[in-house]
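S.K.: I'd like to go over a predicted model; first the sequence, then the structure.
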Amino acid sequence: MTRLRLMIGLVLLLTAACGGDPQLAATTTNANVGTGADVVITQPTAQPTAQPTAVSNLPLTDGGEQIVARVNGQPITLAQYREASDRLRSQTFNPLTQDPVTLQELALQTVIEQALIAQAAQQANIAITSADIDAELARLRTNAPNDAAWQTWLNENNYTEELVRDLLHDSLVTTRLRDQIAAGLDGNLMQVNARHILVATLDDANQLLVRLRSGEDFTALASVHSLDSTTRAQGGDLGWFVQEELIEPELARIAFSAPLGQPTGPVPTSLGYHILLVLEREERPLSTDKRALLAQSRFETWVAGMMRLATIERYL
């Protein structure tokens, strides 16, 4: 979600420039997007906008503006692309934006994603008012100790308040659409508490199953034989999870249908062969952190699906 990361960059840069705690801001914001990355803040330096090659060959709108893409027939102009490129390039904490080729792809992806989000938001009757933007802008400005510091930050980072308001508008649209798509995470969801053993071969898995069914302790065998270094020391403990948290669909399906207390498997995945022990299955509330990560995960899955279904013409 490049557009959300554009807003993250804006908040982090303002926090750092105005004497806030950038690491705290980075940790809090990344929890919402699910990047899991450590962020180091550096002050941006003025750099030229990445220019697409062969701009003279781009098609034109009826008004004569050059187009870099069309999304379901909606034109994306070169000016929109350049604005996204400028903003991404100012994110000096993100090494990806310093490579011109990667930057061009990120900028193009940003404007295409935002066009899809805006189209879906319109269909969902999501409207952002001036009062909404005023409130969000006021919240953002609390990172600056005074009006002079705020203006200095705008000038140093080549922002205008009008541009910040535009970015906040897009951010609010994205957030509200994400909340609609992730509706239902506030209630109780079916979750499983399980352990697993991961091994490399089918033979290894079958041998362990025989030992488990003969009464050997699952936790002890997982601690010795599992290839999953994350859970091995805890006897293969996966803890409580919802179905979409497991990357492997077949493992997730079996975890939510296997009988309780019985070793189940082998389950083949791209990682190897799993033996599962489902301990409990019940509806439970999500933690705040897990809810935020799942909301973002659902939204990113939705965007990926929209990208596959949309008619997208790229000219860069």
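M.R.: Structure's in. What do you need? Residues are numbered from 1 along each chain as shown.
S.K.: what about the strands in this protein?
M.R.: For the chain, applying DSSP state E gives strands covering 67-71, 74-77, 188-199, 237-241, 263-269, 272-285, 312-314.
S.K.: tell me what the longest one is packed against?
M.R.: Contact partners of strand 272-285 among helices and strands, from 3 or more Cβ pairs under 8 Å, 6 or more residues apart in numbering; DSSP states H and E: strand 188-199, helix 202-213, helix 249-255, strand 263-269. All C-beta spots, glycine's among them, are computed from the backbone N, C-alpha and C.
S.K.: Minimum distance to L116: which of those has it?
M.R.: Of all those, the one in closest proximity to L116, counting by Cβ to Cβ, is helix 249-255 (24.9 Å).
S.K.: what's next to that closest one, contact-wise?
M.R.: Residues from elsewhere that reach helix 249-255 (Cβ atoms under 8 Å, 6 or more residues apart in numbering): 192, 194, 196, 241, 243-246, 264-265, 267-269, 274, 276, 278.
S.K.: could you dump the helices and strands packed on strand 272-285 to a markdown table with mean neighbour count, distance to A233 and mean pLDDT?
M.R.: Formatted as a markdown table, the helices and strands packed on strand 272-285 follow (neighbours: other Cβ atoms under 10 Å; distance: least, Cβ to Cβ, whole Å; pLDDT from 0 to 100):
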| stretch | mean neighbour count | distance to A233 | mean pLDDT |
| --- | --- | --- | --- |
| strand 188-199 | 21 | 12 | 94 |
| helix 202-213 | 15 | 18 | 97 |
| helix 249-255 | 17 | 20 | 91 |
| strand 263-269 | 19 | 20 | 95 |
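S.K.: Need those in a markdown table (columns: distance to R141).
M.R.: Below are those laid out as a markdown table (distance: least, Cβ to Cβ, whole Å):
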| stretch | distance to R141 |
| --- | --- |
| strand 188-199 | 37 |
| helix 202-213 | 58 |
| helix 249-255 | 44 |
| strand 263-269 | 48 |
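S.K.: Can you tell me which of those is nearest to T174?
M.R.: Among those, the nearest to T174 by Cβ to Cβ is strand 188-199 (23.4 Å).
S.K.: Show residues contacting the closest one.
M.R.: By Cβ under 8 Å, 6+ apart, strand 188-199 touches 205, 208, 218-219, 221-222, 225-228, 231, 235-243, 251, 255-256, 271-286.
S.K.: Just send the strands of the chain back as CSV, with distance to A295 too.
M.R.: Below are these laid out as CSV (distance: least, Cβ to Cβ, whole Å):
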stretch, distance to A295
strand 67-71, 24
strand 74-77, 27
strand 188-199, 12
strand 237-241, 16
strand 263-269, 26
strand 272-285, 14
strand 312-314, 25
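S.K.: Out of those, flag the one nearest N143.
M.R.: Of all the strands of the chain, strand 74-77 sits nearest to N143, with 31.0 Å by Cβ to Cβ.
S.K.: partner strands of the closest one, parallel or antiparallel?
M.R.: strand 67-71 (antiparallel) (DSSP bridges).
S.K.: would you put the C-alpha positions of the strand it pairs with in CSV?
M.R.: Extracted C-alpha coordinates of strand 67-71, given in CSV (Å, rounded to 0.1, in the frame of the first residue of the first chain):
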residue,chain,number,x,y,z
ILE,A,67,-1.3,10.4,-19.3
VAL,A,68,0.9,7.8,-17.6
ALA,A,69,-1.9,5.3,-17.1
ARG,A,70,-5.7,4.6,-17.3
VAL,A,71,-7.5,2.8,-14.5
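S.K.: for the chain, where's the lowest mean pLDDT among helices and strands?
M.R.: Taking mean pLDDT, DSSP states H and E as the measure, helix 22-33 is the helix or strand of the chain with the lowest mean score, a mean of 33.
S.K.: Could you list everything V192 pairs with in the sheet?
M.R.: Listed beta-bridge partners, V192: F241, R281 (assigned using DSSP bridges).
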